[in-house]
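Participant: With the sequence up front, the predicted model follows.
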6 protein chains.
Amino acid sequence: MVSSERPGTTVTTVHPAMGPASIESHYDEALAVPGVLAEIARDPDADGYVLACFGDPGLDAARELATGPVVGIAEAAMHTASFLGRGFSVVTTLGRTRGRAWELAARYGMSSFCRNVRACEIPVLELDIPGSQARDVITQECKRAVEDDEAEVLVLGCAGMADLCSYLSAEVGVPVVDGVAAATRTVESLVALGLSTSTRSEYAAPGAKQYVGALRGFTL
Amino acid sequence: MVSSERPGTTVTTVHPAMGPASIESHYDEALAVPGVLAEIARDPDADGYVLACFGDPGLDAARELATGPVVGIAEAAMHTASFLGRGFSVVTTLGRTRGRAWELAARYGMSSFCRNVRACEIPVLELDIPGSQARDVITQECKRAVEDDEAEVLVLGCAGMADLCSYLSAEVGVPVVDGVAAATRTVESLVALGLSTSTRSEYAAPGAKQYVGALRGFTL
Amino acid sequence: MVSSERPGTTVTTVHPAMGPASIESHYDEALAVPGVLAEIARDPDADGYVLACFGDPGLDAARELATGPVVGIAEAAMHTASFLGRGFSVVTTLGRTRGRAWELAARYGMSSFCRNVRACEIPVLELDIPGSQARDVITQECKRAVEDDEAEVLVLGCAGMADLCSYLSAEVGVPVVDGVAAATRTVESLVALGLSTSTRSEYAAPGAKQYVGALRGFTL
Amino acid sequence: MVSSERPGTTVTTVHPAMGPASIESHYDEALAVPGVLAEIARDPDADGYVLACFGDPGLDAARELATGPVVGIAEAAMHTASFLGRGFSVVTTLGRTRGRAWELAARYGMSSFCRNVRACEIPVLELDIPGSQARDVITQECKRAVEDDEAEVLVLGCAGMADLCSYLSAEVGVPVVDGVAAATRTVESLVALGLSTSTRSEYAAPGAKQYVGALRGFTL
Amino acid sequence: MVSSERPGTTVTTVHPAMGPASIESHYDEALAVPGVLAEIARDPDADGYVLACFGDPGLDAARELATGPVVGIAEAAMHTASFLGRGFSVVTTLGRTRGRAWELAARYGMSSFCRNVRACEIPVLELDIPGSQARDVITQECKRAVEDDEAEVLVLGCAGMADLCSYLSAEVGVPVVDGVAAATRTVESLVALGLSTSTRSEYAAPGAKQYVGALRGFTL
Amino acid sequence: MVSSERPGTTVTTVHPAMGPASIESHYDEALAVPGVLAEIARDPDADGYVLACFGDPGLDAARELATGPVVGIAEAAMHTASFLGRGFSVVTTLGRTRGRAWELAARYGMSSFCRNVRACEIPVLELDIPGSQARDVITQECKRAVEDDEAEVLVLGCAGMADLCSYLSAEVGVPVVDGVAAATRTVESLVALGLSTSTRSEYAAPGAKQYVGALRGFTL
C-alpha cells in the first residue's frame, strides 16, 4: 500500500486485531480506535506512526500514547494539498462521512482551502473488487470537483483509493494527493528533523489508571 | 447525581462495564466510548440519553446508534450558558483537558462565547474525597474567572462537580451551569417536542458489519 | 399557538399594544421592540419570557429588563436543531429577512450549522388565510432544502408556521423545529434549573434615566 | 460637534424627540431607535444621515427608510481605523457596553482589527461636566491601550468624546479616530460618489403597514 | 480617470517607470511593487496616495514609506460596498486573479460581505480597445451576480473598468462601486480628518539599510 | 545553513543579487521579491524551492513561475508545528514583523494553532555577531512562550535562528521547529511524491508580457 518510502525507511502495515472490517460511520470509527491504540502499544519502538484511515481515528489519543510522531492521512493530505494550490476538494466514499471530513478540515485549520467534500457512494471494501465501476465513478467525481468546485488540487478521501492516485492525476490534470503516501512522508520528515509530539500538557503520556471489562488490557 | 428531573421523567444513571475508572486524557476518553455505546445498545428503548462526561465521548457514534436524542454535558452546558450572558468560562479539573474543551466549544459553535477554560489541577476522583481542598480550589478558580476573564456565567467542566453548582453560584454571584442537569433537561425537552436525531445522511443507523476481537460484541 | 407545555406550566401569549401588525423588515422589527419591552414590564413576575418572532426583537434589552430568563425563537430553534444533525436550513417567509436570519445565526454561534436560509416569499399574515397556497409552497421549499442544501434538520423561520411543524416533518422526512415550542421548552428548563440571565456587567438592570416623548412611559 | 465639514456640506445635528437622555444599555439603545427613525422620516430630503451614537442604533432600519446613505459612527470609526494600522482599541464609557462594541466589530468585519474594547466607567453625560476627571481617566485608558493591547490606532467609543480627539492623539502618539467626524466624511464621500443604500432585497423600502398604540405615527 | 474630486483636491495619476504593462498574475503584481514604491518616494510631499490596481500591490510597504495615508482600490471599494448592502460581488477580469481578491477580502475583514468573485476572462488591456465586447460581457456577469449570488451591491474588480461604473449601475439596478473613485474619496477624507498611518510599531518608517543590484536605488 | 538533508538531495543556498541586506519591514520584503524570482528563473531545473525568509516573500509569484514545488519557511514551520501539539508560539526578531507573522498564520489556516508571536527586538544581522546576547534573549523569550502562552511547541521566526534550534529545545523542553529544515524536508517529500503546484487557474504560468525599466529583465 505504501510504496514510495525512501531508502532506509521500513514501513510496516498492520490491521488492528479488534474492531470493524471497514470504517464508514462514526460508530465504526469510534470502535476502530482501541485497535489502533493496541497496535501502537504493541510496537512502542517504532520511529513514528501513520493512521491510515481518512477519519484519522484516535489521533489525539495516539499522540499521548506514542513516543514517536503520529500523523493521520486526512491531516497529511489536507496540509499537503494546501502547498499545491489555493483550494482542494476531497473525493471520498460514502456521503455520510462528509461531515467528519469537514470537521477534520476545521480541526486542522484547512477549512478555507477545502472547496468541497464529494462522495461517490461507493462502500470502502468495493474499492478492491475487480471489475467494479469504482474507478470510473471516482474519476467522474474528480472531474466534477475540478469543473464545479474549481478545485486546483484533489485529495483522496479513503486509504483504499491510494492506488488510483497517479491514474486520476493523469486523467484530471491536477495534482491528486493520497494521504497514505503523504502521511508516510510527513512522518519520515518529522523523524529526520528529530521532532515528535510535545510532552508538555495536552499530549503528555496518560497517567496510570485501572481499565475494566473487555478493555482491561489497556490499563497503563 | 441528577435530582432536578420533572415528574414523569425517570433518569437511570449507568457506569459503563468496560473502560477507564475516570476520564482525564484523550486516551481515557477514546477508550470510554465502547462502554458508552454498549450501554446505549443495552437499553435501546430509553427515550433519550445523556453522556455525562465533559468530553462528550462518542457523541456522534451514539447519535447514529440511538433512536432517541443524545446530548453531551459539555454541549448542553455551553449552549445553556449562551442563553444567560455574553461570555462564559469553563472551570475544569486537569489542565491537559483544556484543549478538548476548546475543541468542543468550536464544534458546537460556542467559541465566541467561551472566554476561557480554567483548570484547577484536581484529579476527577479527588472531587469525591471527604475533606479534600477541592471545593476551595474550585471556588477560587471560579472567582478568578469572573474577575480576570470577565465571565458573566460559569460552566462546570466535570460531571463530578455537579453538587457544587448552587454553592458556587451563591459564592461567586453569577449563574453556574452544571452540564448533567442541563443535558437532562435538554433531552427531556427534545423528547417532549417529539424531536430526535435526523436519520438522514450522517447520523443514519450504521450498516450491518462484522467486528472482530475484543469488540466483536459490537457487530450490528 | 403553544400547545406542548408540560403540566404545571402556564403560557400566556400576548400581542404588544404598540408597534406593527407583523414583522417583515428591519423597520418593523425595530419598532416592535418597545412593545415587547412594555409587555415584560407589565408582567415582571413571570418566571421567564419567550420572544415569539424569528427576528428575536429586543432580546438583549429584554434580558436587561427581565428578572427571569428570556429566549428568542430563532435562538432556541437554531440551538435545538444543532442537537439533531450536522446542518439545518431555515425556511422563512420573505427573502428580505434572510440577512437578519444569517446575522442571528452568527450571533448565536450557529453559522457553521446553518446550511441555508430559504424564503417562500409569503407575507407573514397570509400564513393564516384559509385556502392560501402557503402550505404547499412551504412544503416545496422544505423539500428543496433537504435535497439541495443537504439539510438534515429544518428550522421554521416564522412563528406563524408553528402549526405546520408535524405536517412538514412527516412530508419531508427530517426533524422540523418550531421555535415557539423550542423556546418555551428552553425557558421551562432554565426555570427548573434555577438559572436566569447573569446580572453581572452587560445584562445588569439598566440604571434609572429619563425618557421623553412618546416613549416617556419607559422611564425607569 | 461636527466642525470639519467641507465647503458646501451642511450638517444638521438633531436630538430625537422621543427616547432616553443618553444611551448606556441595550434597553436605552432599543428605545432610542424610534426617535432616530422619526428624525429621518421628518427630513427625507437630506442627502445622507449619520447615526451619532457608538451603538449605531437602528442602522438597518434607517437604511430601509432613508433614500440617502446612512452610516453609524462605530461603523465609520472602525473602518477608518483599519486604514491606519494593523490593530485598534476602542476606548468607551461604561463596561456594560463592551459587548455591544464587540458585536458591532463582528457585524462590520472588523473583529480581527479590534484588539480590545476598554471602558473608563464614566457615564456618558459626565463627559460634558466641567471639572470632571473624565479627560484624565480617558487619557490613561488610551495609554494603556497602546502599551498593553499594542494598539496602533485608537477609536473613541462615544460621540461625547469627539472634542478630545486631537488632545488624545497628541498625548498618546497614535492616530485617534472620532466616529462622528469619520461618519460625516464617509457620508459626504458616498453622496459625492452618487452611491446610496441598495434598494434590492434586504434594504428595500418597507411595505405599507398599520402601526398601533404609541407608535401609530410610524405607519407607512 | 479620476474625475469626481472635490474642489481643492488635485489628483495626479502616475504610471510606474518600472514593472509590467498590466497586472494579471501574482508575478505581475509582485513586480509592480518596486515601481509603486519608487513613485511614492519621488513625491513624498503628496497628502495621500491611492494604489490604483485591484490587487492593492505593495499596500503595507507603501504605508511604511509614505507620510500621508495610503489606500488601495480593492480596500476602498470593499469597505464602501459594505455601507450599501448586506452583500456584494466582485466582477473582475481574469479568473486566475480570483484567489487574490478573496485573500484581500479576508485581509480587510470583508469576507462575510463578499458573496462571490466573478471573472469575465477579459485581459486588462482589452478593456480599452474600441469595439471590444468587453462592456457586454461585463454587463452580463454583473447581472448574473445580482441574480445568482443575490448581490445587493457590485464592486468593479479592475481599475480599467472605472468608466463603466454608471452605465452598469443603470443597467443592473444596484449600486456599483469603482475602487478608484472610492479610494480617492477615502484618502481625501483621511487627509481632511488629519489622519494618517500610525507610525507606531508595524508601519513605522523602515530603518536605513543597504540595497543592492537593480534595486540599489531603494536604499534608505 | 541547511544541514539535515537526506542522502541524494542537494540543497543549493543562494542569496538574491538584488534587494535588501536583510528583511525587517514590509518595504524590505516587497523589495526582496524580485531577487527571489530572478533566482528561480536562473535555476529553472531545480526539483523544488525553499523561500528561506520567515515572511515567505513572493510565495504566490514563485509558485506561478516555478515548475517544481515552492514552500516558504513560515508555511512549513507552522504546518509542522501543528503536527506536534495543540498550540505553538512564534519567537521572532523585531516587533514590527509580528503583524506579518499573524497574517501568514491566517493565510495558511494556522490561526487557531498560533498562541502568540513574540519579538526579541534583535535585528536579523545581529544574530550572527559573535558574543552578542541574542541567544540568551531568545532563550528567555522561548521560556516565556511556554509559561505564559502555554505553547506546547515553538516556531523560530527567522531563518537566522536555525542553528539555535536544538539548543533551545533542550533548554525549554518542548519541540522547536526551524522553518528552513522543515521547508527543505517538505519540498523533498513533495518531490518524492511526484507533486508540484497545480497549473490549473491561479498558479498557471504567467502569460507573456512586457516589463519596463529596471525590471525589464523579468519580461517573459
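Facilitator: Structure's in. What do you need?

Participant: which helix in chain A runs the most residues?
Facilitator: Once chain A is assigned using DSSP state H, the helix that runs over the most residues is helix A:26-42.

Participant: Please name every helix or strand in contact with it.
Facilitator: Packing partners of helix A:26-42 (3 or more Cβ pairs under 8 Å, 6 or more residues apart in numbering or on different chains; DSSP states H and E): strand A:19-20, helix A:59-65, helix B:26-42, helix B:59-65. Where C-beta positions appear, they are placed from N, C-alpha and C, glycine not excepted.

Participant: Columns mean pLDDT and mean neighbour count on top of these, output as a markdown table?
Facilitator: Conversion of the helices and strands packed on helix A:26-42 to a markdown table gives the following (pLDDT from 0 to 100; neighbours: other Cβ atoms under 10 Å in any protein chain shown):
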| stretch | mean pLDDT | mean neighbour count |
| --- | --- | --- |
| strand A:19-20 | 96 | 26 |
| helix A:59-65 | 98 | 25 |
| helix B:26-42 | 97 | 23 |
| helix B:59-65 | 98 | 25 |
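
Participant: And those: which comes nearest residue B:131?
Facilitator: helix B:26-42 (25.7 Å; Cβ to Cβ).

Participant: Just give me how far the helix or strand that that closest one is followed by sits from the chain centre.
Facilitator: Proceeding N to C from helix B:26-42, the next assigned helix or strand is strand B:49-51, under DSSP states H and E. Here the centre of strand B:49-51 is set off from its chain's centre by 8 Å, with Cα atoms, centre = their mean, to the nearest Å.

Participant: Also stretch A:128-144?
Facilitator: 20 Å.

Participant: What of stretch A:83-96?
Facilitator: The answer for stretch A:83-96 is 13 Å, by Cα atoms, centre = their mean.

Participant: contacting residues for the residue most central in space within chain A?
Facilitator: Most central in chain A under Cα atoms, centre = their mean is residue A:73, positioned 2.4 Å from the mean C-alpha point. By Cβ atoms under 8 Å, 6 or more residues apart in numbering or on different chains, the contact set of residue A:73 is A:50-54, A:56, A:159, A:179-180, A:182-183.

Participant: one more time with 10 Å, if that's ok
Facilitator: A:50-56, A:155-159, A:162, A:177-184, A:186 (Cβ atoms under 10 Å, 6 or more residues apart in numbering or on different chains).

Participant: would you turn the helices and strands packed on helix A:26-42 into JSON lines with distance to residue D:90?
Facilitator: As requested, the helices and strands packed on helix A:26-42 are exported to JSON lines (distance: least, Cβ to Cβ, whole Å):
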{"stretch": "strand A:19-20", "distance to residue D:90": "53"}
{"stretch": "helix A:59-65", "distance to residue D:90": "38"}
{"stretch": "helix B:26-42", "distance to residue D:90": "39"}
{"stretch": "helix B:59-65", "distance to residue D:90": "38"}
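
Participant: I'd like to know which of those lies nearest to residue A:78.
Facilitator: helix A:59-65 (12.8 Å).

Participant: residues near the residue in chain A that chain C sits nearest to, how many?
Facilitator: Per Cβ to the nearest Cβ, residue A:99 is where chain A lies closest to chain C, at 4.2 Å. Other residues within reach of residue A:99, judged by other Cβ atoms under 10 Å in any protein chain shown, total 20.

Participant: do the same with residue A:207
Facilitator: Neighbour tally, residue A:207, other Cβ under 10 Å: 14.

Participant: Shouldn't it be within a strand?
Facilitator: No. Read with DSSP: H, G, I helix; E, B strand; the rest coil, residue A:207 is coil and lies in no strand.

Participant: hang on, it packs against residue B:23?
Facilitator: No. Residue A:207 is not in contact with residue B:23 according to Cβ atoms under 10 Å; the separation is 11.7 Å.

Participant: Contacts only, for residue A:125.
Facilitator: A:21-22, A:24, A:93, A:160, B:209.

Participant: Which of those residues ranks first by neighbour count?
Facilitator: Counting by other Cβ under 10 Å, top hit in those: residue A:93 with 26 neighbours.
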